[in-house]
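Q: Model the following, please.
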Amino acid sequence: MLDHVSVQCDDLGAAREFYETVLGPLGITVSMDFGDVLGMSGADGVPKFWLGKQTTGGAQREIHLAFTAANRSLVDTVHRAAKKLGAEVLHEPKEWPEYHPGYYAVFMRDPDGNNVEVVSHS
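A: Model prediction:
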């Protein structure tokens, strides 16, 4: 549904470390680096998730980002990566049947306080 998402960050270096660490297991990497703007891509190489330095507005408001994992094992791998990084884990990996059967997800905070989810729909 979405073509791409861009998030402004207070500390781009910290955001890059967080997203490279927790999304790496999903095959998502930085594919474009313009210094103050980073494009991250999956296997197709097309940047769909962008990080940039905070340039407009005041204090950020929390946003929610959800990334798809192919299976539960990858959700668990992301969880371990987030914990190793010292990221705040909001919800440990578990099934959320109130969303739908098979909805298995972990929720964590990025360095800017955003709610980041990695979910498998298996």
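Q: switch to C-alpha atoms for all contacts and neighbour counts from now on
A: Will do.
Q: got the contact list for the lowest-mean-pLDDT helix or strand in the chain?
A: The least trusted helix or strand in the chain, going by mean pLDDT, DSSP states H and E, turns out to be strand 5-9, with a mean of 92. Residues from elsewhere that reach strand 5-9 (C-alpha atoms under 8 Å, 6 or more residues apart in numbering): 15, 48-55, 112.
Q: One more: stretch 98-108?
A: Identification of contacts with stretch 98-108 by C-alpha under 8 Å, 6+ apart yields 72, 75-76, 79, 82, 87-97, 115-122.
Q: do that again at 10 Å, thanks
A: By C-alpha atoms under 10 Å, 6 or more residues apart in numbering, the surrounding residues in contact with stretch 98-108 are 22, 64-69, 71-72, 74-76, 78-79, 82-83, 87-97, 114-122.
Q: residues of the least confident helix or strand of the chain that come out buried?
A: 7-9 (16 or more other C-alpha atoms under 10 Å).
Q: Which single one of those residues is nearest to Gly27?
A: Checking these against Gly27 with C-alpha to C-alpha, the nearest one is Val7 at 19.5 Å.
Q: Beta-bridge partners for the closest one, please?
A: Per DSSP bridges, the residues bridged to Val7 are Leu51.
Q: With Thr68 instead?
A: With DSSP bridges as the criterion, the beta-bridge partners of Thr68 are Val119.
Q: Spit out the contact partners of it.
A: Contacts for Thr68 (C-alpha under 10 Å, 6+ apart) come out as 23, 26, 74-75, 105, 117-121.
Q: what residue ranges in this structure are flagged as low confidence?
A: Along the chain, segments meeting pLDDT under 70 span 1, 60.
Q: Which stretches in it count as strands?
A: With strands called from DSSP state E, the chain shows them at 5-9, 29-33, 37-41, 47-53, 64-68, 89-95, 104-109, 115-120.
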